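Colleague: Need coordinates for the below:
(one chain, ligands or ions: 2)
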Amino acid sequence: MCKVIAIANQKGGVAKTTTTVNLGVGLARRGKRVLLIDGDAQGSLTASLGFSEPDTMECTVATILGKIINEEEITPLEGVIRHEEGIRLLPGNIELSGVEATLVNVMSREFILREYVESMRPHFDYILIDCQPSLGMVTINALVAADSVLIPVQAHFLSAKGLEQLIKTIRKIKKQLNPLLTIEGILMTMVNGRTVFSREIIQLLKDGYGNAVGFFESSIPESVKAAECSALGQSIFRHDPKGKVAAAYESLTKEVLAHE
Ligand code: ADP
Ligand code: MG
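Modeller: Ligands and ions are numbered 1, 2, ... in the order given. Sure thing, here's the model as predicted:
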């Protein structure tokens, strides 16, 4: 059984990419076969894993989606690369924005990524899709391909309105395109527990959404160690294994595994 989780929030800078890397490596450390898909034209997941020039990569999500649109054959694990921390990656780059534009005129345009993901299920236990900060066609494709959505939310510069819109979109997709889609949970990220402000925001969110969607018990503390990882192409488990962010992502990993 393979579980496909989209990491989504149309707001940028809420730690979607950081969470994709560290949850992915966390799951791999527990013996799971993990594929990460870079669904962002910025290629930040690809770059965060040490492939520093995503735009020069030959086979990416864009290539694969293009092939599916053109009904071309894809060889098994085509374009999938290995990262030394035990995970696999289908990279993404700027070409994805071209595909995003093309998709608008394609038949069954919401189901293109799903076709790829379905073909990958037998090879993996978890597939995590790092979404871009928009609710455009590629993100919709990710939500249609996924079994669940994990929503990182930054405790500081929170836009509750944005979250409302995301949850509305998820409901709509569930109703019209992917009836089995669930919300894996809301994950508070970059939490600075010392400030009353961030605690208040968490409480506000729980009051506002707590009944509609689940919150993870784990939250991710703010730490410069987490921010350093992407430049090193490493997960927090390698960069600062004894630190609080590694402990937090370890605890998130356990929660996700408990949902199995
Ligand atoms: P998104 O993918 O949602 O745009 P990122 O994962 O790229 O967000 O994170 C945004 C920025 O915040 C990055 O510079 C990242 O290194 C930094 N960051 C992520 N998690 C933390 C954390 N726990 N503490 C401090 N900085 C973080
Ligand atoms: Mg990102």
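Colleague: elements contacting the helix or strand of the chain with the lowest mean pLDDT?
Modeller: One helix or strand of the chain scores below all others by mean pLDDT, DSSP states H and E: helix 196-209, with a mean of 73. Counting contacts by 3 or more CB pairs under 8 Å, 6 or more residues apart in numbering; DSSP states H and E, helix 196-209 packs against helix 160-176, strand 182-189. For glycine as for every other residue, the C-beta is placed from the backbone atoms N, C-alpha and C.
Colleague: Residue numbers of this structure in contact with ligand 1?
Modeller: Residues of the chain lying close to ligand 1 (CB under 6 Å from any ligand atom) are 12-18, 44, 133, 189-190, 220, 222-223, 226-227, 230, 245.
Colleague: Now with 8 Å, please.
Modeller: 9, 11-21, 40, 44-45, 48, 130, 133, 152, 189-191, 220-230, 245, 248 (CB under 8 Å from any ligand atom).
Colleague: circling back: show me which parts of the least confident helix or strand of the chain are buried, residue by residue.
Modeller: Neighbour counts over helix 196-209 (16 or more other CB atoms under 10 Å) mark 198, 201, 202, 205, 209 as buried.
Colleague: Next, the angle helix 160-176 makes with that helix.
Modeller: Interaxial angle, helix 196-209 versus helix 160-176 (axes from the mean of the first three to the mean of the last three CA atoms, to 10 degrees): 30 degrees.
Colleague: How about whatever helix or strand comes next after helix 196-209 and ligand 2, any contact?
Modeller: Once the chain leaves helix 196-209, the next helix or strand it forms, by DSSP states H and E, is helix 224-232. No. Helix 224-232 stays clear of ligand 2 (CB under 5 Å from the ion), getting no nearer than 9.6 Å.
Colleague: Touching the helix or strand that helix 224-232 is followed by from outside, list them.
Modeller: Once the chain leaves helix 224-232, the next helix or strand it forms, by DSSP H and E, is helix 236-239. Here helix 236-239 makes contact (CB atoms under 8 Å, 6 or more residues apart in numbering) with 22, 25-26, 29, 85, 225-226, 228-229, 232, 243, 245-246, 249-250.
Colleague: May I see the buried residues of the following helix or strand past helix 236-239?
Modeller: Later in the chain than helix 236-239, the nearest helix or strand by DSSP H and E is helix 244-258. Across helix 244-258, burial judged by 16+ other CB under 10 Å covers 244, 245, 246, 247, 248, 249, 250, 252, 253, 255, 256.
Colleague: Spell out the residue ranges of the strands in the stretch 51-200 of the chain.
Modeller: Under the criterion DSSP state E, counting those that start in this stretch, strands of the stretch 51-200 of the chain are mapped to 81-83, 87-90, 126-131, 148-154, 182-189.
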